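Chemist: everything below, folded, please.
(one chain, ligands or ions: 1)
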Amino acid sequence: MFQDPSLKSKLVLATGLIFCCNFLISLPLRSASALAAWALSSNGSLTLRTSSGTKLDAFYQSSTNDKGERVWIDFPGELSRPRTLKGNGSVKEIRLGKPTRGITRLVIEFLPSVELEPSKLKIIGLSPNTWEMKLIGLETNSFRSIGEGNILRNSIKRTFEKINIQDFDTSSLPNVPLGKYKVVIDPGHGGSDPGAVGINGLRETDIVLEVSKKLSEFLAKKGVETILTRKDERTLDLQPRVTKANNLKADAFVSIHANATRGKRKEVNGLETYYFSGYKGYSLAKNIHKQILLASSQSPDRGVRRSRFYVIRKTSMPAALVEIGFVTGMYDAALLRQKAYRDKMSFAIAKGILNYLKVSN
Ligand SMILES: [Zn+2]
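Modeler: As a prediction, this is how the structure comes out:
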């Protein structure tokens, strides 16, 4: 049995999820429970819609006697109508109950023959009120989608949250020795490659160029020498970006990107930062990630991850690649559209880089 109280920080990419609400039984959930809707789709994805800012607890229980494995999730607030829904395929049944006062529990019980991989079970925050858990193994057993309520309805009410324009006071940023460090900033894509194109034509290339330039300004004010791999809208291959950084013998390389889901899934939002190798690379990514999370308390934490992206793999100095949100995500796109938010991201990344330079050199 495991309990993961910090669900938002344990994220994995769920690939290939196609969620279709047409298959769902549409029953309104009338209760004070934080659970507003749920759906278990035929490809094994459990999607949950909750009130914004809900804290969830998820559990796994191995099979006992004649009972199959169980996964359950506890939500704050009480359900008015406990009930059991008959499952199909590998799912025996789904129960919605109130185990104790003030708690709603959603239990999925599998047939005794089903074996899940508990170490791979994670709940991913897709937006401030949408969650997803992949239940591997379900998809092979011709499971038919089941659910209650509409997952997408009312989703992400904070879409148009206004970010306050603030003065970015660089004196509040960590100090590093003047003229000591050289940082290469790499705005992803450009020119003929616009990168991801999201909601209402929001383009990754535009966002990352502006964020990179602003980041460069902030760092320059702190006495860091900054070099941009591109300063305008131009096509630039990956190799020259790396060569530039390597020739300059930069102290750090930071590539700025914005994310997208292949199916343009609006409910998928969040921040993630990548490194390729070494403790310094990890530390750079972690320091940046920490700051962007603080700057965007509502965007889900998709974690610091290792990846083999060319620009962070081929650069010879500690390198990180930051994904500052999904241009395809309803919540992130609304934020990324705002200049004040983009500046806030630049400021946060600058702070992360300075913190890294302070501790690692
Ligand atoms: Zn990109």
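Chemist: and the protein, which residues reach the ion?
Modeler: Residues of the chain lying close to the ion (Cβ under 5 Å from the ion) are Gly188, Gly195, His257. All C-beta atoms are positioned from the backbone trio N, CA, C, and that covers glycine.
Chemist: confirm that the last one sits in a helix.
Modeler: In this case it means His257. No. In this structure, His257 is strand, not part of a helix, as judged by DSSP: H, G, I helix; E, B strand; the rest coil.
Chemist: switch the residues of the chain next to the ion over to TSV; also include neighbour count.
Modeler: TSV is the format used below for the residues of the chain next to the ion (neighbours: other Cβ atoms under 10 Å):
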residue	neighbour count
Gly188	27
Gly195	20
His257	25
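Chemist: looks to me like Ile324 is in a strand.
Modeler: Yes. Under three-state DSSP, Ile324 sits within a strand.
Chemist: that one and Ser212 touch, don't they?
Modeler: No. Assessed by Cβ atoms under 8 Å, Ile324 is found out of contact with Ser212, at 10.5 Å.
Chemist: overlap in contacts of the two?
Modeler: Ile256 (Cβ atoms under 8 Å, 6 or more residues apart in numbering).
Chemist: which of the two has more neighbours?
Modeler: Ile324 (31 against 24; other Cβ atoms under 10 Å).
Chemist: quick one: mean pLDDT over the particular helix or strand that has Glu109 in it.
Modeler: Using DSSP states H and E, Glu109 sits in strand 103-110. Average pLDDT, strand 103-110: 92.
Chemist: now that strand: buried residues?
Modeler: Buried residues in strand 103-110, counting neighbours by 16 or more other Cβ atoms under 10 Å, are found at Ile103, Thr104, Arg105, Leu106, Val107, Ile108, Glu109, Phe110.
Chemist: among those, which one lies nearest to Ile353?
Modeler: The nearest member of the buried residues of strand 103-110 to Ile353, counting by Cβ to Cβ, is Leu106 at 41.8 Å.
Chemist: any idea what the closest one is bridged to?
Modeler: Ile73, Leu96 (DSSP bridges).
Chemist: what bridges to Val322?
Modeler: Ile256, Thr273.
Chemist: next, the buried residues of the strand or helix carrying Ile353.
Modeler: Element membership for Ile353, per DSSP H and E: helix 339-360. Neighbour-count burial for helix 339-360 flags 341-357 (criterion: 16+ other Cβ under 10 Å).
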